[in-house]
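# build me a structure from this.
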Amino acid sequence: MLFVGGVVVAGLLLGYANKPDVWYAALNKPTFNPPNYLFAPVWLALYVCIGVAGARTWARDPRSPAMAAWAAQMALNFLWSPVFFGMHRIGLALGIILALLTAIAAFIATQWRTDRLAALLFLPYAAWVGFATLLNGSIYRLN
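Model prediction:
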């Protein structure tokens with residue numbers, strides 16, 4: 001429960017501290033940009049899955065390549081919002097989210113044979129971050 005609670009609380013606090021503001025509202029966005037109210041419940045569900053996958057990975061081997069990939073994706077995940085929403089650095093945020101997507105894929109690949117459930121828990125996360133990467137890239141291109 002420590003992993004799940006820690007990830008959820010940290011993620012929600014980070015989201016609260018980096019809410020879309022006037023700057024974000026003024027950006028040109030693609031037609032597929034979801035409404036702001038959708039992000040919190042999606043991230044809540046994803047953070048639960050990320051926490052469970054992290055706990056399973058830690059319990060199996062806290063020094064494994066999978067745990068390193070999990071830690072890397074967590075750091076990149078928590079870095080993206082302050083860079084995008086706080087610093088207004090759309091291009092730098094795009095680089096971060098591409099690295100995040102790579103770390104998520106590495107976690108899935110390293111866990112696929114060892115802990116299939118942990119890998120499967122990251123599939124919705126990979127899909128959402130893939131979509132978010134497309135969104136970030138589109139906002140970068142439009143602005």
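# how much space between the residue lying closest to Pro30 once chain neighbours are set aside and Ala103?
In space, and not counting its chain neighbours, Pro30 is closest to Ser138: 4.2 Å by C-beta to C-beta, 6 or more residues apart in numbering. All C-beta atoms are positioned from the backbone trio N, CA, C, and that covers glycine. Separation of Ser138 from Ala103 (C-beta to C-beta, to the nearest Å) stands at 22 Å.
# out of the two, which sits in the busier spot?
The neighbour count for Ser138 versus Ala103, taken as other C-beta atoms under 10 Å, is higher for Ala103 (21 against 17).
# and the strand or helix carrying the more buried one, C-alpha only, in CSV?
Element membership for Ala103 (DSSP states H and E) is helix 90-111. Extracted C-alpha coordinates of helix 90-111, given in CSV (Å, rounded to 0.1, in the frame of the first residue of the first chain):
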residue,chain,number,x,y,z
ILE,A,90,6.6,22.9,-24.5
GLY,A,91,9.5,21.6,-26.5
LEU,A,92,11.5,20.5,-23.4
ALA,A,93,8.3,18.8,-22.1
LEU,A,94,8.1,17.0,-25.4
GLY,A,95,11.6,15.6,-24.9
ILE,A,96,10.7,14.6,-21.4
ILE,A,97,7.5,12.8,-22.4
LEU,A,98,9.3,10.9,-25.2
ALA,A,99,11.9,9.7,-22.6
LEU,A,100,8.9,8.8,-20.3
LEU,A,101,7.3,6.7,-23.0
THR,A,102,10.7,5.0,-23.6
ALA,A,103,11.0,4.2,-19.8
ILE,A,104,7.4,2.9,-19.7
ALA,A,105,8.2,0.6,-22.7
ALA,A,106,11.4,-0.6,-21.0
PHE,A,107,9.4,-1.4,-17.8
ILE,A,108,6.9,-3.4,-19.8
ALA,A,109,9.6,-5.2,-21.7
THR,A,110,11.6,-6.1,-18.6
GLN,A,111,8.6,-7.3,-16.7
